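Novice: When you get a sec, could you give me coordinates for this:
(one chain, ligands or ions: 1)
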Amino acid sequence: MKQLIEDLYLKRRDLVSAGFDEALEYIGRQIPLKILRYSSGTECWTWKVPERWSVREAYIATTSGQKLLDLKDHPLHVISYSLPINRVVSREELLTHIHTRPDRPNAIPYEFKYYERDWGFCLQHEKLPQFTESEYRVLIDSSFEPSNLSVGECLIKGKTEETIALVAHLCHPGQANDDLSGVAVLVDLAKELAVKKPHFTYRLLFVPETIGSIAYLSQNEKLVPGFKAGIFLEMLGNNQPFALQHTLQGKTYLDRVAQAVLATQAPNHIIGPFRSIVGNDEMAFNGPGVDVPMISLSRAKPGFPHYPEYHTSDDTPAIITEERLVASRDLVLAVLRVIEEDYVPQRLFKGPVFLSRYGLWVDWRNNKKLNQFLEQIMLRLEGRQSVFEIAEELGMEFSVVKDYLDKFVENGLIRKLPLVWR
Ligand SMILES: [Zn+2]
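Specialist: As a prediction, this is how the structure comes out:
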């Protein structure tokens with residue numbers, strides 16, 4: 001996973017750009033990927049697909065030709081979607097177009113003006129004192145052309161059409177944890193899920209943030225009813241505890257499964273309501289008229305910045321470890337494992353079950369908690385609750401209850417009904 005991040009992080013992956021398409025091609029060499037294209041100007045509900053933005057050269061120089069900033073040094077030096085400019089400007093004018101981060105003076109901030117039509121540079125705050133002259137030569141050789149916005153989709157067909165969306169964005173140039181850590185985890189998940197031949201169908205989407213999800217959803221509205229739940233993945237390699245951000249609904253089945261898995265796998269995690277920790281494509285999926293319950297998993301802190309290097313040139317592969325990426329992937333897999341294995345048990349017996357006859361008696365010396373709850377489990381097999389929901393209500397581990405109820409299935413005492421998404 002770390003290799004993907006190192007290979008792609010300095011690429012100019014702006015919303016609609018040659019670099020974004022190259023990154024998708026790279027991913028397409030690792031997993032089966034369909035590239036969906038939406039042409040510039042396409043109406044996507046209230047949005048429009050933007051033009052492709054390219055930048056060839058950019059710098060700020062003194063009038064005698066000494067360069068004080070050069071795009072060649074770092075992709076973040078020019079704001080994404082900057083207008084072209086090629087003229088001499090006054091110091092006053094120039095400074096209104098320079099963005100810095102005083103709280104992180106030796107880092108270059110990440111700025112974008114996708115829809116505002118302006119020009120600008122990003123600079124280490126500590127370099128501002130170098131701008132002592134009254135005039136500067138400024139060049140941004142950028143252009144806007146009609147093209148196609150690309151979304152990468154990896155479809156893993158399950159036994160049912162009921163679909164889970166797994167989403168990461170890929171449009172942050174020159175940065176690693178935000179957003180390539182989510183992308184790397186998603187690529188690895190695609191490989192794992194393909195081997196498992198899952199029950200549910202999965203659509204793994206690599207999008208430019210917000211507009212990519214809106215383009216995909218608006219141009220594939222027939223898919224929306226099939227999406228039962230979704231997980232947005234981002235900021236998963238840095239050294240902070242896991243953060244679960246709930247769906248808009250807050251207490252859906254997926255919310256509760258994720259919460260239970262985190263409680264056992266990541267004791268130090270934080271939890272917050274919808275949009276209280278991070279803001280990403282869950283706004284499109286879980287937004288008005290779409291309403292696919294989508295949680296977000298990250299290692300973000302609520303509020304700006306989500307981690308010290310967030311949205312700056314300090315967000316490099318150096319702040320990411322493979323170990324943390326693996327833990328992040330395994331957390332998602334653990335959530336999906338519960339969902340994949342869960343079912344609604346429907347009783348086929350009458351009266352209390354003669355447990356010993358079927359080998360279902362559990363000695364308290366072997367498993368005290370299970371022994372204590374045998375009757376409580378037996379009373380909840382009416383086809384109204386799933387195995388997970390029974391475990392949740394009784395404060396038990398899903399796998400313990402499931403292993404036990406699987407023996408009821410083997411003995412013909414219950415039948416499995418499909419999961420009801422709620
Ligand atoms: Zn971001």
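Novice: only C-alpha atoms for contact and neighbour calcs from this point on.
Specialist: OK.
Novice: quick one: secondary structure of the residue of the chain most remote from its centre?
Specialist: Within the chain, residue 357 marks the point farthest from the mean C-alpha position, 48.9 Å out by Cα atoms, centre = their mean. What DSSP: H, G, I helix; E, B strand; the rest coil gives for residue 357 is helix.
Novice: now it: how far from residue 411?
Specialist: 10 Å (Cα to Cα, to the nearest Å).
Novice: Mind listing the shared neighbours of those two?
Specialist: Shared contacts of residue 357 and residue 411 (Cα atoms under 8 Å, 6 or more residues apart in numbering): none.
Novice: Find the residue closest to residue 193 in space, skipping its chain neighbours.
Specialist: Nearest residue to residue 193, sequence neighbours excluded (Cα to Cα, 6 or more residues apart in numbering): residue 156, at 7.3 Å.
Novice: cool, and residue 411?
Specialist: Nearest non-adjacent residue to residue 411, counting by Cα to Cα, 6+ apart: residue 358, 7.0 Å away.
Novice: For residue 287, see how far away the residue nearest to the spatial centre of the chain is.
Specialist: Among the residues of the chain, residue 233 comes closest to the average C-alpha position under Cα atoms, centre = their mean, at 2.0 Å. To residue 287, residue 233 is 17 Å away according to Cα to Cα.
Novice: repeat for residue 341
Specialist: 29 Å.
Novice: repeat for residue 41
Specialist: Applying Cα to Cα to residue 41 and residue 287 gives a distance of 22 Å.
Novice: got the residue ranges for the strands in the stretch 1-150 of the chain?
Specialist: Using DSSP state E, counting those that start in this stretch, the strands of the stretch 1-150 of the chain run over 34-39, 43-44, 47-48, 52-62, 67-70, 85-90, 98-99, 121-122, 135-145, 148-156.
Novice: For residue 63, give me its contacts.
Specialist: By Cα under 8 Å, 6+ apart, the neighbours of residue 63 are 88, 135, 136, 137.
Novice: Quickly compare the strands of the stretch 1-150 of the chain and say which is most buried.
Specialist: strand 121-122 (a mean of 28; mean count of other Cα atoms under 10 Å).
Novice: for that strand, packing partners?
Specialist: When contacts are defined as 3 or more Cα pairs under 8 Å, 6 or more residues apart in numbering; DSSP states H and E, strand 121-122 packs onto strand 98-99.
Novice: From the rest of the structure, what touches the strand it packs on?
Specialist: Here strand 98-99 makes contact (Cα under 8 Å, 6+ apart) with 109, 111, 120, 121, 122, 123.
Novice: from those, which two are the most distant?
Specialist: Greatest spacing in these, by Cα to Cα: 109 and 120 (11.8 Å).
Novice: And the two? Which one has more around it.
Specialist: Taking neighbours as other Cα atoms under 10 Å, residue 109 and residue 120 compare with residue 109 leading, 27 against 23.
Novice: Which residues are in contact with the more buried one?
Specialist: By Cα under 8 Å, 6+ apart, the neighbours of residue 109 are 76, 99, 100, 101, 122, 123, 124, 311, 312, 313.
Novice: May I have the predicted confidence score for the second one?
Specialist: The model reports residue 99 with a pLDDT of 98.
Novice: Distance-wise, check residue 118 relative to residue 111.
Specialist: Remark: distance between residue 118 and residue 111 (Cα to Cα) = 12 Å.
Novice: how much space between the residue lying closest to residue 209 once chain neighbours are set aside and residue 76?
Specialist: Ranked by Cα to Cα, 6+ apart and with sequence neighbours excluded, the top spatial neighbour of residue 209 is residue 169, at 5.3 Å. According to Cα to Cα, residue 169 stands 17 Å off from residue 76.
Novice: Got phi/psi on the nearest residue to residue 109 once chain neighbours are set aside?
Specialist: Spatial nearest neighbour of residue 109, excluding adjacent residues (Cα to Cα, 6+ apart): residue 312 at 4.2 Å. When read as degrees, to the nearest 10, the backbone of residue 312 gives phi -140, psi 170.
Novice: ok, now residue 17?
Specialist: Per-residue torsions, residue 17: phi -160, psi 160 (degrees, to the nearest 10).
Novice: And the residue nearest to it when sequence neighbours are not counted, how far from residue 18?
Specialist: With Cα to Cα, 6+ apart as the criterion, residue 17 has its nearest non-adjacent residue at 5.3 Å, and that residue is residue 52. Residue 52 sits 8 Å away from residue 18, going by Cα to Cα.
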